[in-house]
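# need the 3D shape of this:
(one chain, ligands or ions: 1)
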Amino acid sequence: MTTIHMDHVTKTMKGVTVINDISLTFHSGKATGLRGVNGSGKTMMMRLIAGLIFPTKGSIHIDDKKLGKDLTFPDSIGMLLENPAFLDSYSGFQNLKMLASIRNEIDDRQIRTVLTQVGLDEESSKKKYKKYSLGMKQRLGIAGAILEKPDIIILDEPTNSLDTNGVELVKQIVHLEKERGALVIISCHDTDILDELADEIHYLENGALISSTKGSESI
Ligand SMILES: Nc1ncnc2c1ncn2[C@@H]1O[C@H](COP(=O)(O)OP(=O)(O)OP(=O)(O)O)[C@@H](O)[C@H]1O
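Numbers count the residues shown, from 1 in each chain. You can find the predicted model right below:
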């Protein structure tokens, strides 16, 4: 079981407050949604939780470990962020293999299973990344995020560029990952999709937490 606890987190960048005094707790087995207009701070919140940037004020704990002090970044995390760092001249399979080689915990068969799970068949997984369509790139990004069955999964706009079939795949994947016990954090501009994906949704405005809902109820 993993818990992420943000305690009065503020992040200032170049004199601009991009996250303003946010306190929130995230739990494993749950999908938490982040909603808000462009620039409201959803990506910054995900980057803070991933340890890619650190709070100016306040703290983030993963269980009992403080990010930036006891941990540089969470031990077990998979992320889909904008512009994933995949190599153009490598195929989808080779890109995932390279990613997997860092920890060396999963084999080729498991990589193929994840590729199938995101709907990249044998033929498309052999194509070079530079020949991928936007939707195929997005599917590979999702595969990268769930590849090693991480405890924490961060999906920034996972349904961008996806067709209806791809959106259904994301819903299935989030459902399965939650069942496995993963802690999932998702941002999505499509309110209907986010309502379906997330157990709980937090609304951000100018970096501040405005309200939270669970199902149709305010919390
Ligand atoms: N490198 C940076 N330096 C300073 N400010 C930044 C930087 N990147 C983003 N910002 C600012 O941080 C704020 C929050 O941006 P963020 O990317 O978190 O928004 P978002 O809610 O994810 O938006 P979107 O829906 O467009 O993805 C914005 O005001 C943005 O201009």
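
# from here on, contacts and neighbour counts on C-alpha atoms
Fine.

# for stretch 50-65, which positions count as buried?
Ala50, Gly51, Ile53, Phe54, Pro55, Ser59, Ile60, His61, Ile62 (16 or more other C-alpha atoms under 10 Å).

# give me the mean pLDDT for that stretch.
Confidence over stretch 50-65 (mean pLDDT, whole number) is 96.

# and stretch 82-91, by the same measure?
According to the model, stretch 82-91 has a mean pLDDT of 91.

# pLDDT at the residue nearest the centre of the chain, what is it?
Centroid-nearest residue in the chain: Ile154, 1.5 Å away (criterion: C-alpha atoms, centre = their mean). Per-residue pLDDT puts Ile154 at 98.

# which element is Thr10 on?
Following DSSP states H and E, one finds Thr10 within strand 3-13.

# next one: Val114
Per DSSP H and E: helix 108-117 holds Val114.

# re the thing from before, ok now the strand holding Thr10, how far from the chain's centre?
From the chain centre to the centre of strand 3-13 is a distance of 17 Å (C-alpha atoms, centre = their mean, to the nearest Å).

# could you list the paired strands of it along with their orientation?
Strand 3-13 sits in its sheet next to strand 16-27 (antiparallel), strand 57-62 (antiparallel), going by DSSP bridges.

# and the next helix or strand past the last one?
If I follow you right, that is strand 57-62. Strand 57-62 is succeeded, C-terminally, by strand 65-66 (DSSP H and E).

# can you list contacts of that following strand?
Ser59, Ile60, Leu71 (C-alpha atoms under 8 Å, 6 or more residues apart in numbering).

# could you do stretch 11-18 as well?
By C-alpha under 8 Å, 6+ apart, stretch 11-18 touches Thr10, Ile19, Asn20, Ser40, Gly41, Met44, Phe54, Pro55, Thr56, Lys57, Asn206, Gly207.

# repeat that with 6 Å
Ile19, Gly41, Pro55, Thr56, Gly207 (C-alpha atoms under 6 Å, 6 or more residues apart in numbering).

# list the buried residues in the top helix by length along the chain.
Criterion DSSP state H: the longest helix present in the chain is helix 164-180. Residues Gly166, Val167, Leu169, Val170, Lys171, Ile173, Val174, His175, Glu177, Lys178 are the ones in helix 164-180 that count as buried (16+ other C-alpha under 10 Å).

# how far out from the middle of the chain is that helix?
13 Å.

# ok, residues contacting the next helix or strand along the chain from it?
Using DSSP H and E, the helix or strand that follows helix 164-180 towards the C-terminus is strand 183-187. For strand 183-187, the external contacting residues (C-alpha under 6 Å, 6+ apart) are 27-34, 152-157.

# pLDDT of whichever helix or strand comes after strand 183-187, averaged?
Moving toward the C-terminus from strand 183-187, the next helix or strand (DSSP H and E) is helix 191-197. Mean per-residue pLDDT for helix 191-197: 94.

# and helix 191-197 with the ligand, contact?
No. Using C-alpha under 6 Å from any ligand atom, helix 191-197 stays clear of the ligand, with a minimum separation of 12.5 Å.

# pull out the buried positions in that helix.
For helix 191-197, a neighbour-count test (16+ other C-alpha under 10 Å) marks Leu194, Asp195, Leu197 as buried.
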